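Trainee: Structure of the sequence below:
(2 chains)
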There are 2 protein chains.
Amino acid sequence: MKLSKLVGERIKEVPNGAQLKSHIYLLRAGYIKQVSSGIFSLLPPAQRVSQKIQKIIREEMDALGGQEVLFPVVMPRELWEMSGRYDSIQEELLRFKDRTGHDMLLGMTHEEAAVHMAMNTVKSHEQLPCMIYQIQTKYRDEARPRGGLIRVKEFTMKDAYSFHTSQEDLDSYYKKVYDAYNRIYKRIGLKNFISVRSDSGIMGGKVADEFMLVTDSGEDRLVICDKCGYKANMEVADGVRQEVESEEQELQEVFTGNAKTIEEVCHFLEIDNAHTVKAVCYETESGELVVAFLRGDYDINEKKLAKLVKSEIKIADTDKFGLVAGNIGCVNLTLPENAFVFYDLSIKGLNNFVTGANKDEYHFKNVSASRDLQDVKFDDIALVKEGDHCSVCGEKLTLTRGIEIGNIFQLGTKYTKTMGMKVSMPDGSTMEPIMGCYGIGVGRAIASVIEEKGDEKGIVWPMTIAPWQVHFCPLRLDDENVEVISYELYKKMLDAGIEVLFDDRAVSAGVKLTDSELMGMPIRVVVSPKTIANGTAEITMRESGETYYVSFANLINELLDLIDDQKKQIEE
Amino acid sequence: MKLSKLVGERIKEVPNGAQLKSHIYLLRAGYIKQVSSGIFSLLPPAQRVSQKIQKIIREEMDALGGQEVLFPVVMPRELWEMSGRYDSIQEELLRFKDRTGHDMLLGMTHEEAAVHMAMNTVKSHEQLPCMIYQIQTKYRDEARPRGGLIRVKEFTMKDAYSFHTSQEDLDSYYKKVYDAYNRIYKRIGLKNFISVRSDSGIMGGKVADEFMLVTDSGEDRLVICDKCGYKANMEVADGVRQEVESEEQELQEVFTGNAKTIEEVCHFLEIDNAHTVKAVCYETESGELVVAFLRGDYDINEKKLAKLVKSEIKIADTDKFGLVAGNIGCVNLTLPENAFVFYDLSIKGLNNFVTGANKDEYHFKNVSASRDLQDVKFDDIALVKEGDHCSVCGEKLTLTRGIEIGNIFQLGTKYTKTMGMKVSMPDGSTMEPIMGCYGIGVGRAIASVIEEKGDEKGIVWPMTIAPWQVHFCPLRLDDENVEVISYELYKKMLDAGIEVLFDDRAVSAGVKLTDSELMGMPIRVVVSPKTIANGTAEITMRESGETYYVSFANLINELLDLIDDQKKQIEE
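Mentor: Predicted coordinates for the structure are as follows:
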């Protein structure tokens, strides 16, 4: 490919609003163009990367016996009503009416479509386990798109669905997919990725793992135990609370005036927030009040709370429920009928804490859980925080951040049961197959590789997914000798099957070299009047920066070896 | 692939509502499944065919210097307002609001997205010509989906967009794409296809060619001159009208009572419809009346009429305009202001015809165009009919039918002008590039191959796009000897790189052979206790039906040769 003809521009300035490394470089190096908020076109180099990633994914899915199919982007309401998700998924599911007034939607995932395909076509236990997958455009009406290809509305995704006759069979297949995912990330050149236990969210099911690129720029918070290997998304992470000991003292009601927030109350009473218990109030979908108490130094885990309540929750308007905002406490609290109250494990055994007195300007002091909160059940409803200990081995937990690069779920029979898919068993009975589902976003994989490997100069592509393997920069192409030799070398590279981006533009050496660093091909080859005088070309490895000279006679073989070596290094 | 594990079922019955051969076989052989009207999932074999077709398309586009990109399925209103098409395209453009209330649409074509990508990234004449293409899902809110993959709402399409600095350059590139399209159809195994001049429709521009599979099941009508090679879609076809000669006679007003339609009037007056002139009345988008007169034996060409009127047209409510429906004639007609009247060429020089008297129960008889329709301009507004002559060479035209399998357009500067894309020219000036665009639907290509090659037993795949090259049917797999040898042969075929579908099911010989014919792989290999006794396998060619025996020792080489030969036969 001649760079002069390549559709795309390289720009020096950091584009407005772009903060993540991958977002900045994808825009600056001419890989993507925004069409609308969270919606991008892929320019030729990005499409090349996307296709190489897709090829790796296909190889790994096919190796698992996966059968590639294609589900529709646009689906009818009826299909999603079968599973109940037409109503249960909120606004991120984009619904619309077609010209006949029929309710349709844009697929954000394809469990329903997968079961629709497998129903009546997979009828017997003999056909199981089987897995169908597609690589297709998805649309999620994301409220806050951000970070270029990291969080978008429209994206290309590989999604796979497996069907099993027993939990053991799913477990064993799930493990194989888990291993395949690890291979995929490795093969696309990622190193710093882990898997964590996660919430199954809108998918349903009980077991779910997310693959995470560990990076400070990630929006997911991760909890890791370096000792026993426990790893979880903060949303589902368990941890042992830090204990706060003190002797039980006498309960008092104290004036706290306008001090309402935990910070204000702590400041007013000159105490630490670990000696307070705060209330967080939510409302369920059906309008019931949920009051959650937890120690003042912890934050609420809304996902866990919602699971206990078995409803989506939103922050409540406390006035509506007759509560004294800022003075709500766990002693002498009067609640409306049908209200839920939860107490976090951080309160269990806690003495001498401050909590609201449920009337204006007053708090209780020296509350004791064992004395003042009798018959109370303590639940795990707080987020793990720095200093908490591993619930498995007791070691101190590490908190870090990550970008979700894939997820796998054990769905159970949620979809086969609701949609009525059955297979016949050897004994003549029928059963609803147990399902797994497995997703990877291709665009996010592209961005993640840039997040991990990009440096201050630009993108650094791994050899396995680079749009071109070699970036060929002849300097002073206006020199006839350079021109003749460059076009000869270009032809030789093409003839040898090397994927080469040939910078044939009449621009300065500075522009060519800077652009090559920004665009990120693994190998750069430079020729100039000077190197030609020596009969050599200069090779520079983008990642290591290593530079050396090779004679023209050896150039092609050297490049082929480098390409081969780098691929092997990544894949093995 | 083992057939026992393949997702999909083979059914004997013709599915309800399916009429086209391709629709019936795609459903019966387990290639597609309908999810909603005009929306299908592709099962594994169809996805394999689709990918093989896509590969051929990519090779041909890349050979033209095409750069593959990806445009979004969902686009914002603003982008389509730039070209004016947000308002000009009717209901087939699906519009919806996202969760923020923003007006969005589903891409049915991507001219706007292509110009959006090329703007600012293609800035100089030196970058031209350039072509970008994508293979992506499109959605067209089709009013009447039909025929399985022939006319659908959602489809996978290759669309390409080229940019040029001169009409000559576009002409020359357009010719190259035209040739590439011919190669694509040939390579996917079609024989009976032609290209015809066509209407540019919603794309705009002046030159447009459609590629058509010639078949009676096609919904497009085609006009062909076997002598000079003139070929056009009926919508734009020109033809020389058949003359009807007679001596001019005296104009009379005659009672015709309740005879209103041409058939009724002809019957009442005992005349041929070629001696009548009928009126067809339309209304423009802005509500103006359009009256079109044409000889009674011709039908109106609405596309041509709309072009003359420069507006979309719909059948008018004649009462609203004070016309006497059934008695409208071209003599003494009183029309509202702003009405348009057109006279078809078939009326020119016509004598002694009958036309409405513009009052109830009466027609004029013996009308003479040269005497009674003075100062009238005659236009070409009738459809070509059987017996008309070629406007180029005078030969009698042939009418046939076809399925549109692709189209190419010269768009001119419609999009670059409205959207403001400019490139700099050598003299320092700027210009709006001239564009071409080029589309092929992948699903329709799949169906077209079945339409052309399918026989009474099922699908007949060309070797180049068959989901599998070989369908391997061991009969009596319960026989241990058959089982051992079959699995050995299967392994050998896989090891040799042969794409093989292995019918490992415990079903009767009849079912296996019928299924293999229905599914359509080019080569069938059968082994049975009988062939094994002779140390041979039976090879049957799906298309020719030719059957012969090959020794086990020679089987793999024979298959490799057959595959190679058949590919060569198609591609060369």
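Trainee: what residue is smack in the middle of chain A?
Mentor: A:Glu404 (1.7 Å; Cα atoms, centre = their mean).
Trainee: So the nearest residue to that residue once chain neighbours are set aside versus chain B, what's the distance?
Mentor: Nearest residue to A:Glu404, sequence neighbours excluded (Cβ to Cβ, 6 or more residues apart in numbering or on different chains): A:Glu210, at 5.2 Å. Backbone N, C-alpha and C define where each C-beta goes, glycine included. Applying Cβ to the nearest Cβ, to the nearest Å, the value for A:Glu210 to chain B is 25 Å.
Trainee: tell me what the helix or strand where A:Glu210 lies is packed against?
Mentor: Element membership of A:Glu210, judged by DSSP states H and E, is strand A:207-214. Here strand A:207-214 touches helix A:167-187, strand A:193-197, strand A:220-224, strand A:398-412, helix A:442-453, going by 3 or more Cβ pairs under 8 Å, 6 or more residues apart in numbering or on different chains; DSSP states H and E.
Trainee: Quick one: distance of the fourth one to the chain centre.
Mentor: In other words, strand A:398-412. Centroid separation between strand A:398-412 and its chain, computed with Cα atoms, centre = their mean, to the nearest Å, is 6 Å.
Trainee: Whether the helix or strand just after it contacts chain B - can you check?
Mentor: Toward the C-terminus, strand A:398-412 is succeeded by helix A:414-419 as the next helix or strand (DSSP H and E). No. Figure legend: helix A:414-419 not in contact with chain B (Cβ under 8 Å from any Cβ of the partner chain); closest approach 12.9 Å.
Trainee: buried sites along helix A:414-419?
Mentor: A:Lys414, A:Tyr415, A:Thr416, A:Thr418, A:Met419 (16 or more other Cβ atoms under 10 Å in any protein chain shown).
Trainee: and what of stretch A:491-505?
Mentor: A:Met493, A:Ile498, A:Glu499, A:Val500, A:Leu501, A:Phe502, A:Asp503, A:Asp504, A:Arg505.
Trainee: so who does the nearest residue to A:Arg144 once chain neighbours are set aside touch?
Mentor: Spatially, and ignoring its direct neighbours in sequence, A:Arg144 is nearest to A:Arg151 (7.2 Å; Cβ to Cβ, 6+ apart). Residues counted as contacts of A:Arg151 (Cβ atoms under 8 Å, 6 or more residues apart in numbering or on different chains) are A:Gly38, A:Glu142, A:Arg144, A:Pro145, A:Glu219.
Trainee: If we use 10 Å, what do you get?
Mentor: Contacts for A:Arg151 (Cβ atoms under 10 Å, 6 or more residues apart in numbering or on different chains) come out as A:20, A:38, A:140, A:142-145, A:219, A:403-404, A:441, A:444, A:447.
Trainee: For B:Cys473, see how far away it is.
Mentor: Counting by Cβ to Cβ, to the nearest Å, the gap from A:Arg151 to B:Cys473 is 50 Å.
Trainee: go on, A:Gly420?
Mentor: Taking Cβ to Cβ, one finds A:Gly420 at 33 Å from B:Cys473.
Trainee: Of these two, give the one with the bigger neighbour count.
Mentor: B:Cys473 (26 against 11; other Cβ atoms under 10 Å in any protein chain shown).
Trainee: any idea which element that one lies in?
Mentor: Following DSSP H and E, one finds B:Cys473 within strand B:470-474.
Trainee: Run me through the strand neighbours of that strand, direction for each.
Mentor: Looking at strand B:470-474 with DSSP bridges, its partner strands are strand B:500-502 (parallel), strand B:523-527 (parallel).
Trainee: quick one: it to chain centroid distance?
Mentor: Here strand B:470-474 shows a centroid-to-chain-centroid distance of 35 Å under the convention Cα atoms, centre = their mean.
Trainee: And stretch A:508-528, by the same measure?
Mentor: Mean-position distance between stretch A:508-528 and its chain equals 32 Å (Cα atoms, centre = their mean).
Trainee: Now it: average pLDDT?
Mentor: Stretch A:508-528 shows a mean pLDDT of 97.
Trainee: next one: stretch A:262-271
Mentor: Per-residue scores along stretch A:262-271 average to 92.
Trainee: Then stretch A:360-378?
Mentor: According to the model, stretch A:360-378 has a mean pLDDT of 92.
Trainee: list the buried ones in that stretch?
Mentor: Neighbour count says stretch A:360-378 has A:Tyr362, A:His363, A:Phe364, A:Lys365, A:Asn366, A:Val367, A:Ser368, A:Ala369, A:Asp372, A:Leu373, A:Val376, A:Phe378 buried, by 16+ other Cβ under 10 Å.
Trainee: what about that stretch, start to end distance?
Mentor: The stretch stretch A:360-378 measures 27 Å between its terminal residues, going by Cα to Cα, to the nearest Å.
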